[in-house]
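> This is a predicted model, with the sequence first.
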Amino acid sequence: MHLDPAVSKTSNFQAKAREIRYEWLNTIMREENFQHIATAHHQNDNIESFLMGLLRSSGTRGLSGIAPKKENIIRPLLFASREEIDQYQVTNNIAFREDESNASEKYLRNKIRHNVVKVLNHVDPQAVQKIDESIRIIAESNELLEYFVANDNSVVSSKGELKIVDMIALKKMPAPAAFLWYKLNDYGFTKSDIIDMLDSMRSGASFTSATHKAVIDRSKIIIQPVHLLVEDEDKAIEINVNGPGNYPIDEHSNIKIAIVDHLEFGKKSNEEYLGFQEQPMPLVIRKRKNGDIFKPLGMGGKSQKVKDFIVNNKLSFEDKNKLWLLTTPKDDEIIAVLPYRISEDYKVTPESKFILKLEINQVQ
């Protein structure tokens, strides 16, 4: 195996070297048709990892020690201390190699090995064995905790690829930050992200990890994969309306557009009427974008950002995602924010020469 010398100049050389080492071992395993990779990690390695976790403020997961088995990697010597292995080597005259980097205190693990563990052994000759037993208890406790968190459905529910956190139910938990971290850790959110989410009272506040985005929506946290956001942006959905007819806007709804000669009595909640001075077609139905402004009916002709309209009307995250804009193709003027409000400039008046009827229908 050849290692690029540039790797030694990275900020975390040991982690990168470990990654390369396991890639090499996996290559050998596949080439030789082996089933597992067995490493020589022992009890002292476990203690060192535990102490490193303490210094890094790790929780129960980080203090659970080295796993005896993880995927195709097995560690059959975790039961034995370094002293027991050394004694076995001497007794059986087994040749061995010592990595010269083990002597360097450049790395945190070696500092702990040469100083902290040595002091602990001086305080109590059974220190390694006792700490190892504590690690086992923590690991079992963590396994139990993760089991109950994973099987609790009172706080986090699913809707497709969305995860919805009920903040009211969450805050009734004895340790809400810890509970939420266990629920969201696989989505890349940090402990500080979790604390900020719980502290945030502002609807619309958002938090982004490498894979997911979390948005505060009043008493809920809505979490969705980033790829859904990217897909929506990339599609830049626009539907051209060239004449009367039915226009599907998503998989669950469509808009029926017709030109009528008068306002019908008893307008339904899913209907809107728009007035025009000239032939209204063509039009465009599109998703909202940054900077959108319109004149909501009932505000005396004052302009308002669509974003502010959403906030002022307390639209939920799901309602916001279902929102569509009806616009003019030439100057992109917003005629209506569907299905909530038409523009003041397009209300029906006695002077209107054309009346457009919109009917928003749900598709089963």
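Ah, there it is.
> What ranges does the stretch 201-350 of the chain have for its strands?
When assigned using DSSP state E, counting those that start in this stretch, the strands of the stretch 201-350 of the chain occupy the ranges 206-208, 212-217, 220-225, 238-241, 245-250, 253-260, 271-276, 283-286, 293-294, 304-305, 324-327, 334-338, 341-342.
> Quick check: can you name the pairing partners of the third one and their directions?
What that stands for is strand 220-225. The strands beside strand 220-225 in its sheet (DSSP bridges) come out as strand 162-166 (antiparallel), strand 212-217 (antiparallel).
> mind listing what's buried in the shortest one?
For strand 162-166, the buried set under the neighbour-count rule, 16 or more other C-beta atoms under 10 Å, comprises 163-165. Every residue, glycine included, has its C-beta placed from N, CA and C.
> for the stretch 151-300 of the chain, which spans come out with low pLDDT?
201, 228-236, 251 (pLDDT under 70).
> Give me the spatial nearest neighbour of the residue nearest the centre of the chain, chain neighbours excluded.
Nearest residue to the geometric centre of the chain (C-alpha atoms, centre = their mean): residue 212, 2.8 Å. What sits nearest to residue 212 in space, not counting adjacent residues and going by C-beta to C-beta, 6 or more residues apart in numbering, is residue 187, at 4.2 Å.
> Could you measure from that neighbour over to residue 280?
45 Å (C-beta to C-beta, to the nearest Å).
> Present the strands paired with strand 220-225 as TSV; the columns should include distance to residue 71.
Formatted as TSV, the strands paired with strand 220-225 follow (distance: least, C-beta to C-beta, whole Å):
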stretch	distance to residue 71
strand 162-166	26
strand 212-217	24
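> which one of the ones you listed lies closest to residue 23?
Across the strands paired with strand 220-225, residue 23 has its closest neighbour in strand 212-217 (27.1 Å, C-beta to C-beta).
> Beta-bridge partners for residue 240, please?
With beta bridges defined as DSSP bridges, residue 240 has these partners: residue 284.
> wait, doesn't it sit right on residue 284?
Yes - with the criterion set as C-beta atoms under 8 Å, residue 240 and residue 284 qualify as a contacting pair; they are 6.1 Å apart.
> any low-confidence regions in the stretch 1-150 of the chain?
Using pLDDT under 70 as the threshold, the predicted model of the stretch 1-150 of the chain has low-confidence ranges 1-12.
> All set, thanks.
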